[in-house]
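# I would like the atomic coordinates for the input below:
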Amino acid sequence: MKYEYKYSGIEWIGEVPKHWKIERLKDVSSIIETGSTPTTAVYEYFENGTIPWYGPSSFNGTTYLSEPVKMINKIALEAGELKIFDKDSLLIIGIGATIGKMALLSEPSSCNQQINIFTPDKHIHSKYLLYFMSRYEDIIIQIAQFTTLPIFNQTRYGILNIAVPPIKEQTTIIDYLDKACTELDRVLEIKRLQLEQSKFMFFSFLEEIFESNGSHWEEERIKDISTVNPSRTEILLPTSFVSVVPMDTVSEFGDIEAPNICEYQDIIGGLNYFRNGDVIFAKITPCMENGKGAYVEGLETEVAFGSTEFFVMRPSQKLIGKYIYYFTRTLKFRQEAEANMKGAAGGVN
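Purely as a prediction, here's the structure:
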């Protein structure tokens, strides 16, 4: 079928068939501001529960939510502490670190106050709305970041534009995207298994190298052959710009991805200082068990600062920095570090 097209008014969509409607989100669905969390009698409300209650941890990037945080019971509903939302309602996290994540309800359920709930009107399919709205995730994140606490409220949702084809065409689009996503998931699962196998081979190789100690090898404590958490007082002339490395910019494969650059005078106290040639190693769970850390190299600035959740190790003349880094990746080192965890948050000192 040949269509005549018009500009959608949505930059990232461009032109759409003329018979498609461009409507605001608030015109194609009713918005229920948030879910809720019980304030009293918590154990009574969840005992022998049969109704799913979801939170941000239940969003896993698939069409429907994963495991609920808890199961609630009718006592909570009768007390007016919680609401039940219809199957196929669209849920979007509207506040916090995972803002913008979306999914559908597979059955009547409840959720906490971080989640916004949308009930699609009859002329729009809930899964079509999910697929379309998923393109807004980055926009929601960007807009929310302009506030002190990342939040996307009901007013902002209401002005988002939706391209709405007839319901029959929505179904065709959904079928196509379902098949495409199924194939993509299959490919991603193959890649995940390949990555797991590569990690296993890598760690096996490390164990073999470090367990085959030569007779002339010496065993020393890390603190005796490196400077642990060097002090920023050694920075004699503060540089204009420094790199800032949050935990989430360091991968489990030793990469530091796009550190932030800011002025030295803006650095708050308490952050760990390091520079090129140092080794950083996560000391909290689960990052430590996963081997998150890096040999620091290629920074654009002379000085860098990172999360206090990192140990910084600066090698002495007896060791090469990369040697320390690879040793921290061994299973033996991580198991010993895990055995020495202290504190409620889980950390090595």
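
# what about this structure, any weak spots by pLDDT?
Within the chain, the stretches with pLDDT under 70 are 1, 41, 145-149, 213-214, 236-239, 268, 285-290, 340-349.

# pick out the residue closest to the middle of it.
Residue closest to the average C-alpha location in the chain (C-alpha atoms, centre = their mean): T98, at 6.3 Å.

# for that one, which non-adjacent residue is spatially closest?
When the adjacent residues along the chain are set aside, T98 lies closest to P56, with 4.7 Å between them (C-beta to C-beta, 6 or more residues apart in numbering). In this view, the C-beta of every residue, glycine as well, is placed from N, C-alpha and C.

# and L193, how far from C181?
When distance is defined by C-beta to C-beta, to the nearest Å, L193 is 19 Å away from C181.

# one step back: so the residue nearest to the centre of the chain sits in a helix?
No. Secondary structure of T98, determined by DSSP: H, G, I helix; E, B strand; the rest coil: coil, with no helix assignment.

# what's the first helix or strand after whichever helix in the chain runs longest?
Across the chain, the helix with the greatest residue count (assigned by DSSP state H) is helix 167-211. Going down the chain from helix 167-211, the next helix or strand is helix 222-225, by DSSP states H and E.

# list the buried residues in that following helix.
Of the residues in helix 222-225, those buried by neighbour count under the rule 16 or more other C-beta atoms under 10 Å are I222.

# picking up where we left off before, so the residue nearest to the centre of the chain touches F59, yeah?
Yes. Look at T98 against F59 with C-beta atoms under 8 Å: they come within range, at 6.5 Å.

# please enumerate the strands of the stretch 51-200 of the chain.
Remark: strands of the stretch 51-200 of the chain, listed N- to C-terminal, are 51-54, 70-72, 90-93, 102-104, 110-111, 115-120, 161-164; assignment by DSSP state E, counting those that start in this stretch.

# what's the neighbour count on the residue nearest to S30 when sequence neighbours are not counted?
The spatial neighbour of S30 that comes closest, neighbours along the chain excluded (C-beta to C-beta, 6+ apart), is T119 at 4.8 Å. Residues within reach of T119, counting by other C-beta atoms under 10 Å, total 14.

# and for P166?
Burial of P166 is recorded as 13 neighbouring residues (other C-beta under 10 Å).

# skip the chain neighbours and tell me the closest residue to it.
Leaving out its chain neighbours, P166 is closest to H19 (C-beta to C-beta, 6+ apart), at 7.3 Å.

# how many neighbouring residues does that neighbour have?
Under the neighbour criterion other C-beta under 10 Å, H19 is assigned a count of 11.

# next, it: secondary structure please.
Secondary structure state of H19, per three-state DSSP, is coil.

# that one and M133, how far apart?
For H19, the distance to M133 (C-beta to C-beta) stands at 22 Å.

# mind checking which of the strands of the stretch 51-200 of the chain is nearest E11?
Relative to E11, the nearest member of these by C-beta to C-beta is strand 161-164, separated by 10.1 Å.

# now do that closest one: distance to the chain's middle.
Average the C-alpha atoms of strand 161-164, do the same for its chain, and the two points are 28 Å apart (C-alpha atoms, centre = their mean, to the nearest Å).

# then stretch 92-108?
A distance of 13 Å separates the centroid of the chain from that of stretch 92-108, by C-alpha atoms, centre = their mean.

# equivalent analysis for stretch 121-128, please.
A distance of 28 Å separates the centroid of the chain from that of stretch 121-128, by C-alpha atoms, centre = their mean.

# flag every buried residue along it.
If you call a residue buried by 16+ other C-beta under 10 Å, then stretch 121-128 has these buried ones: 124-128.

# do stretch 200-210 as well
206, 210.

# give me the contacts around that stretch.
326-327, 329-332 (C-beta atoms under 8 Å, 6 or more residues apart in numbering).

# repeat for stretch 225-239
Contact with stretch 225-239 is made by 222, 264-265, 272-274, 278-279, 301-303, 305, 311-316, 318-319, 324, as judged by C-beta under 8 Å, 6+ apart.

# ok so, going back, just the buried ones from the contacts of stretch 200-210?
The neighbour count (16+ other C-beta under 10 Å) marks 326-327, 329-330 as buried among the contacts of stretch 200-210.

# which of those residues sits closest to P108?
When the buried ones among the contacts of stretch 200-210 are compared against P108 (criterion: C-beta to C-beta), the nearest one is R329, at 46.9 Å.

# the closest one reaches G293, doesn't it?
Yes. With the criterion set as C-beta under 8 Å, R329 and G293 qualify as a contacting pair; they are 7.3 Å apart.

# spit out the residues that contact these two alike.
With the criterion set as C-beta under 8 Å, 6+ apart, the overlap between the contacts of R329 and G293 is G254.

# state the distance from A180 to P150.
Applying C-beta to C-beta, the value for A180 to P150 is 30 Å.

# against P315, how distant is the closest residue to A282 other than its chain neighbours?
Once flanking residues are discounted, A282 sits nearest to K292: 4.2 Å by C-beta to C-beta, 6+ apart. Spatial separation of K292 from P315 under the definition C-beta to C-beta is 19 Å.

# I am finished for the moment; much appreciated.
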